[in-house]
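Engineer: Mind folding the following:
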Amino acid sequence: MAIGYLVLAGLCVSASAAAPQEQVERPHFGATVEVVQLQVMVGDDEGQFVPGLTREDFQLWVNGELRDVTLVYEVDVHKDLSTGNSLQPRTASLSTGPATPSTPPAAWRQFLLFFDLGFNSPRGIKVAQEAADEFIRESVREGDLVAVANFSHVGAIHLLSPFTLDRSQTLEAIATLGLSQAGKVVDPVGFDLQNAYDELLGTGGGAPPGGGAGAQASGGEIMDTLEAMRRSDFQRYQGVTVSFVNQLGELGKMMQAAHGRKHVILFSQGFDDKALTGQSLEELQRDSDLVQQNRLDQVDGETRFGSAEIRSALEKALNELRAADAVVHAFDTSELGGGTSGSGLQFLSFVSSETSGTLTFNTNDIGGALADLEESTSAFYVVAYSREPDDPAVVDLELEVTRDGAKVLSAPSRLAPPPEFAEMNAAQRQMQLAEFLGKGIEQGGMRFDTAVMPFAGEGDVNRVATLIEIPWEQLEMLAQARGDDRVEIEVLGYLLDDDDRILDFFARGTGLDLTSLRSTARSGLPFRYYDLLWSRPGYYRVRVLVRESGSGEISTHTIPVSVPDYSAGRPSLSGPVFIDRAHPGLLMRGIDADAPPERRAGGPVAYPFHLGSRELTPEVVPNVPRGEPVYFLLVAHHLDRHPMTGKVMSSVTALLVDAFGNTREVGDILIVGESYDQASNATTLLLEARIPATAREGASALRVQVTDGIAGVRLEHDLGLIVVASTN
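Structural biologist: Got it, this is the predicted structure:
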């Protein structure tokens with residue numbers, strides 16, 4: 001029984017708690033060697049993947065200059081995760097602390113499902129939706145990232161769902177195609193979380209995720225869109241075509257903000273070849289007769305020779321797509337609408353071949369073709385080289401395989417690394433956040449510590465308190481990087497379930513003026529931020545993203561958390577969490593319990609760190625001098641009480657565990673504050689523990705143990721701290 005309750009302890013401290021030695025390290029800004037990673041498909045003469053290649057088997061030229069290949073590794077997304085050979089992301093372990101994704105940012109397989117509503121038929125769109133829905137449910141693998149976008153006659157490409165592991169987001173975007181019945185987008189990354197949030201609260205709202213392809217898309221709206229296109233004259237048609245091509249280029253620019261190859265699956269009939277290349281044979285003969293009759297005023301130069309504007313825009317768009325390592329796989333939907341292939345086939349063929357993609361046409365089995373695409377892209381190599389300081393922003397690449405019987409089937413020919421943050425537009429900054437969220441990238445440019453812990457809420461909707469702490473030294477570095485002695489902090493937090501579904505989120509931005517802070521008691525103290533997520537009982541992960549919006553430095557932590565069923569009557573623990581008694585109140589709250597945002601109205605929003613009516617300030621990783629006291633708060637639920645006195649018969653003990661696994665007993669634990677809430681059968685304790693004078697300096701953990709004296713149940717958890725030299 002004790003083992004079961006250990007799982008329910010629920011607190012996970014900082015992204016480096018699993019390796020405490022890292023706690024004392026401080027990041028620094030300086031010259032770094034940027035490693036560029038490329039996805040490369042290698043096959044034999046039959047097109048079958050060739051395994052077992054090494055660095056010595058590849059030659060790489062960057063802008064015509066031979067470069068050393070620094071790293072080569074093989075990826076096969078079909079291999080079972082348990083073999084250890086796959087580079088799929090690992091799930092979080094409640095016993096080992098924060099999850100560390102095993103897939104590097106550039107090695108993920110990424111699909112963008114792109115529905116062209118402007119150059120398509122209602123039947124073609126419907127069949128494409130059905131095939132895409134089947135593709136997501138049956139073909140894509142657990143670790144594949146999928147995004148959804150569309151283009152409509154209004155002349156814009158809309159990213160309906162960024163690259164994500166959340167299949168409910170993807171399926172709903174396919175079903176709605178962003179039309180008026182779609183739910184409300186409520187988060188800064190671009191995810192529609194309304195359905196998940198309503199489900200959490202049990203209020204319904206909207207169609208269930210993945211309710212069937214086309215379940216929400218209005219056939220009338222699609223038909224109106226297409227009829228408007230059919231009624232337009234050729235000049236207007238060319239204008240929409242130019243807009244479509246330009247938006248393809250913008251899509252390429254946006255995707256340059258994310259690492260790795262992107263497979264763009266384009267469902268379209270393409271635009272009339274005449275808009276790109278000129279006339280049909282019949283029209284060419286007619287205009288030739290007009291020329292011979294000296295009736296030049298009746299000859300339309302745009303239809304005779306094609307649009308130079310479209311051709312120029314298309315070349316620019318292709319350059320942007322290639323620079324983003326975006327491969328377009330075109331699926332011709334013309335025959336699905338009862339027509340014949342060919343009216344836009346030249347465009348589809350051109351855009352796919354120029355990006356090393358594939359073209360599928362003259363088929364009614366799009367689903368089967370998508371399954372074949374998944375199979376053909378399932379194995380590849382990641383080839384890495386070091387970027388030189390004088391390399392231009394966009395480089396031309398050439399890659400060869402020297403081993404007999406193997407050749408490069410597909411590789412980037414042009415590549416732009418993610419642009420500097422200051423040069424990113426709003427869409428690229430959004431894409432950057434989506435990449436860090438979707439891929440769970442743990443490394444980053446700034447250091448912060450995180451603690452996540454559950455607290456009882458209302459009914460089965462519990463509070464998951466999230467604490468973020470940025471050291472003062474890090475704030476100074478960020479301000480120095482900006483050059484204006486200011487720091488602009490963006491904080492985002494997401495609650496993810498085992499299926500990587502996003503259930504809840506928070507987002508907040510704030511500015512800090514370090515010049516002003518240095519003259520106050522705030523100088524030298526960390527920036528602390530508190531916010532709240534909601535969840536039902538179960539096992540989850542909380543992913544926290546922190547970005548400095550001036551310099552663009554960004555980091556991410558992923559913390560596993562187990563949320564107990566507080567209403568079940570079993571012993572459980574909220575916390576423990578360190579309390580800063582020396583500097584109380586130095587905490588920014590992302591949620592005001594007295595004035596919560598509309599989406600939180602009526603739910604559990606109370607501040608969890610309190611003792612009776614007294615509010616306390618939590619801290620994540622304190623620096624504690626040897627021989628000095630440290631304070632922590634915990635809430636124990638459903639501990640047995642003495643039948644005569646009604647008192648909780650429990651004891652609290654602690655051990656100090658250093659980075660080398662050595663333990664020291666912490667002396668008497670003093671209860672310096674206590675309160676009891678009868679409604680939730682919860683006892684809140686504020687405790688004092690004194691760090692041994694003989695403790696080793698450096699990163700350590702305080703192992704807190706709460707033992708029920710009647711039932712014998714023991715709950716325990718580790719709190720990370722840094723032991724420093726005594727002040728005496």
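Engineer: Tell me how far Arg696 lies from Ala689.
Structural biologist: In this structure, Arg696 and Ala689 are separated by 17 Å, where distance is defined by C-beta to C-beta, to the nearest Å. For every residue, glycine as well, the C-beta is placed using N, CA and C.
Engineer: what does Ser168 give?
Structural biologist: According to C-beta to C-beta, Ser168 and Ala689 sit 44 Å apart.
Engineer: same question, Gly270
Structural biologist: Here the criterion is C-beta to C-beta. By it, Gly270 lies 70 Å from Ala689.
Engineer: In terms of neighbours, single out the busier of Arg696 and Ala689.
Structural biologist: Neighbours were tallied for Arg696 and for Ala689 using other C-beta atoms under 10 Å; the higher tally belongs to Ala689 (22 against 15).
Engineer: give me every residue that touches the more buried one.
Structural biologist: Contact criterion C-beta atoms under 8 Å, 6 or more residues apart in numbering gives 629-632, 654, 666-667, 669-670, 702 as the residues in contact with Ala689.
Engineer: Wasn't it part of a strand?
Structural biologist: Yes: remark: Ala689 belongs to a strand, assigned using DSSP: H, G, I helix; E, B strand; the rest coil.
Engineer: quick one: the helix or strand hosting Gly457 to chain centroid distance?
Structural biologist: Here Gly457, judged by DSSP states H and E, is contained in strand 449-458. Computed by C-alpha atoms, centre = their mean, to the nearest Å, the separation of strand 449-458 from the middle of its chain amounts to 21 Å.
Engineer: Let me know the next secondary structure element after that strand.
Structural biologist: Under the assignment DSSP H and E, the closest C-terminal helix or strand after strand 449-458 is strand 461-470.
Engineer: beta partners of Thr663?
Structural biologist: On the basis of DSSP bridges, Thr663 takes part in beta bridges with Val657.
Engineer: my read: it touches Pro692, true?
Structural biologist: No: with contacts counted by C-beta atoms under 8 Å, Thr663 stays clear of Pro692, the gap being 10.4 Å.
Engineer: Find the residues that touch each one of the two.
Structural biologist: Each of Leu656 lies in contact with both Thr663 and Pro692 under the rule C-beta under 8 Å, 6+ apart.
Engineer: neighbour count winner among those two?
Structural biologist: Taking neighbours as other C-beta under 10 Å, Thr663 and Pro692 compare with Pro692 leading, 15 against 12.
Engineer: who touches that one in this structure?
Structural biologist: 626-627, 656, 664-667.
Engineer: same question, Leu655
Structural biologist: 663-666, 702-703, 705.
Engineer: most surrounded residue in those?
Structural biologist: Leu702 (24 neighbours).
Engineer: Quick check: beta-bridge partners of it?
Structural biologist: Using DSSP bridges, the bridge partners assigned to Leu702 are Leu656, Leu719.
Engineer: and the gap between it and Leu656?
Structural biologist: Leu702 sits at a distance of 6 Å from Leu656 (criterion: C-beta to C-beta).
Engineer: picking up where we left off before, go through the contacts of Leu655 and name the one nearest Ser523.
Structural biologist: Sorting these by how near they are to Ser523, with C-beta to C-beta, puts Leu702 at the top with 27.4 Å.
Engineer: Go ahead and confirm that closest one touches Glu665.
Structural biologist: No: the pair formed by Leu702 and Glu665 falls short of the contact definition of C-beta under 8 Å, at 11.6 Å.
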